[in-house]
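[1] Return a 3D structure for these sequence lines:
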Amino acid sequence: MRQCGSNAEEVREIHFYRRGSEVRPSEIVATLYSPLDKLAAMNEDVALSRSYKGEAERLRRHYEDAAEVFIGAIEQVKQAGVGLAARISFNQGQARDFRVVPRTNMKVALKKRPNIVYLVDENDGTLILREARDDRNERLKRTHSKVVFKKHYRGEANSKSDLAALGKLEDADVVGIQEPGLVLALEQVYAEKVAPRVTPHMRVVGTSNEWMWYLRNFLPSLGDSSVDIKQLLTYNGTFNGLGLMDVLDAQHAHYCINSGGSVVNIDPDRIVWTPSRRQVDNHDWNCFKGIFGDTKQDHYMPALRLNSAANPLRNEAMQRVQKALGDSTLLDYLPLSIRGASAINALRADNAFSE
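    Down below sits the predicted model:
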C-alpha cells in the first residue's frame, strides 16, 4: 500500500457499497470486525480478572483457547470483506473506485474491534477510513487510567457538557478525552493557528451524537522513515504544551510523517489531558524518552535518539503553544456536541451522513 495521489482533504463525496447496495461507513466497520467481538470480550475479561495464584497456567490455557478463536475470526473478517467497495469523488472532478480491505495484522490479545479500514485503488493508492469512538465505558481503559494516575484521574469527556459533570478540576487532575471530541477540538486549534498539527488532516464522512467516521491519508511511520529530531521534539512539545499525554498507549507505530515532514499521531484514542506540567513531565515525557531515546532502538530508528538538545527544543515548542493559548486550555475548544461541532463544517464531505 502507498499514499494516494490525491489526499483525504480533497475528497468531495464517498459512497460505500456491499454487494451493490449503498451502506454507511459505520456498517462497513461493523460488517468487517464483528467476528472479533468474542475474542475481544475473552481477552478483556482475563485482563480484568488477573490473579497471581496460578496466573501463568491460567494465562497459558486462555491464550490456547484464544488462538483457536483468533484463527477462525480472522478468516471470517477476510470473508466479510468480499463484496465491499467504495467510490470516491475528488474536488478536482475525478472519481475512483476503491477496494475495501480489512486490517488483518491484529494480535491474539486484542481487546476491541479494530477501528481502521484500508481503501485501495487500482494503483494501490490508499486512504484510511477511521472510526473515532466514544469508549468512555470501556472497562480496561478506565482501570488502566486509575492505576497510572491514581486519585488524579477524574473520568472521561467527549464534549463540554461532559466536563460539567466532572466538576471542578484541580491542578494535578487528569481527564481522558474521547477521540471524536479531541480531534475536533484540535482542528479548531489548528484553524485558529494556536498550535501546529499533531494529528493527520482528515475529511469527516459521518457523525453520530458521540462517534465520528473520517478519512485520512496513509502515512509513513517513523519506524520506516528518516525524520529530523527537531520535528519529533516539536511534536512532543506541542502535544504536551496542549496538556495532552499519550502514556496509556504510546507506540512507535502511532507516530507518522505528515506532509511537510512534521510528526503526527495517527491513533489518538487513548489520550488524556492535564493542566499539570509535573504530570506531563513525569508521565508522558518520560514515556516518550523511553520510546525514542532508548539506545536499544538505535538499529531501528537511529535518527531519533534523543540528545542533550532535546529539552530546549521541546520546551520552546511547549512555550509557543502555551503563549498562544493564553488563559485558555484545550478543554475550551471541545465541541458542545460531536454532530454540531463548529469544526465539522470545514471538514465534512458533501454527502457525510448523520445518525
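[2] and residue 55, how far is that from residue 242?
    As judged by CB to CB, to the nearest Å, residue 55 and residue 242 stand 39 Å apart. Where C-beta positions appear, they are placed from N, C-alpha and C, glycine not excepted.
[3] who has more neighbours, these two?
    Between residue 55 and residue 242, residue 242 has the larger neighbour count (other CB atoms under 10 Å), namely 26 against 10.
[4] Identify the residue spatially nearest to the more buried one, adjacent ones excluded.
    In this structure, residue 242 finds its nearest non-sequential neighbour in residue 330, 4.8 Å apart by CB to CB, 6 or more residues apart in numbering.
[5] looking at it, that neighbour is touching residue 273, isn't it?
    Yes. Shown here, residue 330 and residue 273 form a contact pair, counting by CB atoms under 8 Å, at 6.0 Å.
[6] Could you name every residue contacting both of these two?
    Residues touching both residue 330 and residue 273 (CB atoms under 8 Å, 6 or more residues apart in numbering): 177, 242-244.
[7] Got a PyMOL select line for the buried ones in these?
    Buried residues within those, by 16 or more other CB atoms under 10 Å, are selected in PyMOL with:
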select buried, resi 177+242+243+244
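[8] Return the distance of residue 276 relative to residue 139.
    In terms of CB to CB, residue 276 sits 26 Å off from residue 139.
[9] Of these two, give the one with the bigger neighbour count.
    More neighbours surround residue 276 than the other of residue 276 and residue 139, with 17 against 12 (other CB under 10 Å).
[10] can you pull the contacts of the closest residue in space to the more buried one that isn't next to it in sequence?
    Residue nearest to residue 276 in three dimensions, not counting chain neighbours: residue 172, with 4.6 Å by CB to CB, 6+ apart. Contact partners of residue 172, counting by CB under 8 Å, 6+ apart, are 152, 274, 276, 278-279.
[11] Next, give phi and psi for residue 172.
    phi -100, psi 10 (degrees, to the nearest 10).
[12] Who's the closest spatial neighbour of the residue sitting nearest the centre point of the chain, skipping the chain neighbours?
    Note on the chain: the residue nearest the mean C-alpha position is residue 267, at 2.2 Å, using CA atoms, centre = their mean. Spatial nearest neighbour of residue 267, excluding adjacent residues (CB to CB, 6+ apart): residue 254 at 4.3 Å.
[13] I'd guessed that neighbour sits against residue 265; true?
    Yes. In this structure, residue 254 is within contact of residue 265 by CB under 8 Å, at 5.5 Å.
[14] more crowded one of the two?
    Taking neighbours as other CB under 10 Å, residue 254 and residue 265 compare with residue 265 leading, 22 against 18.
[15] so that one bridges to which residues?
    Residues in a beta bridge with residue 265, per DSSP bridges, are residue 255.
[16] From residue 244, how far out is it?
    9 Å.
[17] any residues in contact with both of these two?
    With CB under 8 Å, 6+ apart as the test, residue 265 and residue 244 both reach residue 198.
[18] My reading is that residue 22 is in a helix; is that accurate?
    No. Checked against DSSP: H, G, I helix; E, B strand; the rest coil, residue 22 lies outside a helix; its state is strand.
[19] per-residue confidence for it?
    Reported pLDDT at residue 22 in the predicted model: 96.
[20] got the contact list for it?
    When contacts are counted by CB under 8 Å, 6+ apart, residue 22 is found next to 15-16.
[21] ditto for residue 15
    Residue 15 neighbours (CB under 8 Å, 6+ apart): 22, 86-88, 351.
[22] Assign a three-state SS to it, would you?
    Quick answer, by three-state DSSP: residue 15 is strand.
[23] Look up how far residue 90 lies from it.
    Between residue 15 and residue 90 the distance, using CB to CB, works out to 13 Å.
[24] Report how many residues lie close to residue 81.
    Neighbour tally, residue 81, other CB under 10 Å: 19.
[25] hey, where'd the helices end up in the stretch 251-355 of the chain?
    Using DSSP state H, counting those that start in this stretch, the helices of the stretch 251-355 of the chain run over 277-279, 286-292, 310-325, 344-347.
[26] Quick one: those helices as TSV, columns for mean pLDDT, distance to residue 102 and mean neighbour count too.
    Listed next are the helices of the stretch 251-355 of the chain as TSV, based on pLDDT from 0 to 100; distance: least, CB to CB, whole Å; neighbours: other CB atoms under 10 Å:
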stretch	mean pLDDT	distance to residue 102	mean neighbour count
helix 277-279	95	37	16
helix 286-292	84	28	17
helix 310-325	93	37	17
helix 344-347	92	25	15
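[27] How many neighbouring residues does residue 185 have?
    Every residue meeting other CB under 10 Å relative to residue 185 is counted, giving 22.
[28] Good, wrapping up.
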